[in-house]
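*Asks:* here's a sequence, model it:
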Amino acid sequence: MRQHLAQQYDEEESEINITPMLDVVFIMLIFFIVTATFVKEAGIEVNRPDAATAVKQEKANILVAIGPNNDIWIDRRQVDIRSVRPNIERLHAENPQGSVVIQADKESKTDTLIQVMDAARSAGVFNVSIAANEP
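*Replies:* Predicted structure coming up:
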């Protein structure tokens, strides 16, 4: 009888309970998902011009890219110039503290850049920046 109880006790002691470890892992996963900041990409790679006075923008959540062929990209989608304003209004409603950063290619026209800036300002976002590389 004692031998049977001792054998049963040894079997219970040899098992490792991993439930608390899984609880901690899931809580950490939820914490990192909630605290992560998600960066929205504009959609294309842009060859930005150099600027000696370039400053890093901290709260830029609306990225608009203008390609070398004057094509406009917002949220990884190519958009028409007429739909830039509604897209910026929608993204600005999601995060009113954010700003608009326009990534214009060196080969793009200034006219397209001005139209995008006007669309952002008419959407109610007055914190508009133009992206540049630091030399």
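
*Asks:* mind naming the longest helix for the protein?
*Replies:* Counting by DSSP state H, the longest helix found in the chain is helix 19-35.

*Asks:* what's the first helix or strand after that one?
*Replies:* The helix or strand immediately downstream of helix 19-35 is strand 60-66, counting by DSSP states H and E.

*Asks:* beyond that next one, next helix or strand please.
*Replies:* strand 72-74.

*Asks:* for that next one, packing partners?
*Replies:* The contact analysis (3 or more CB pairs under 8 Å, 6 or more residues apart in numbering; DSSP states H and E) places strand 72-74 against strand 60-66, strand 77-79, helix 84-94. C-betas here are computed from N, CA, C, even on glycine.

*Asks:* can you rerun that using 7 Å?
*Replies:* Helices and strands touching strand 72-74, as assessed by 3 or more CB pairs under 7 Å, 6 or more residues apart in numbering; DSSP states H and E, comprise strand 60-66, helix 84-94.

*Asks:* so what strands line up beside the shortest one?
*Replies:* What it means is strand 60-66. Strands that pair with strand 60-66, judged by DSSP bridges, come out as strand 72-74 (antiparallel), strand 99-104 (parallel).
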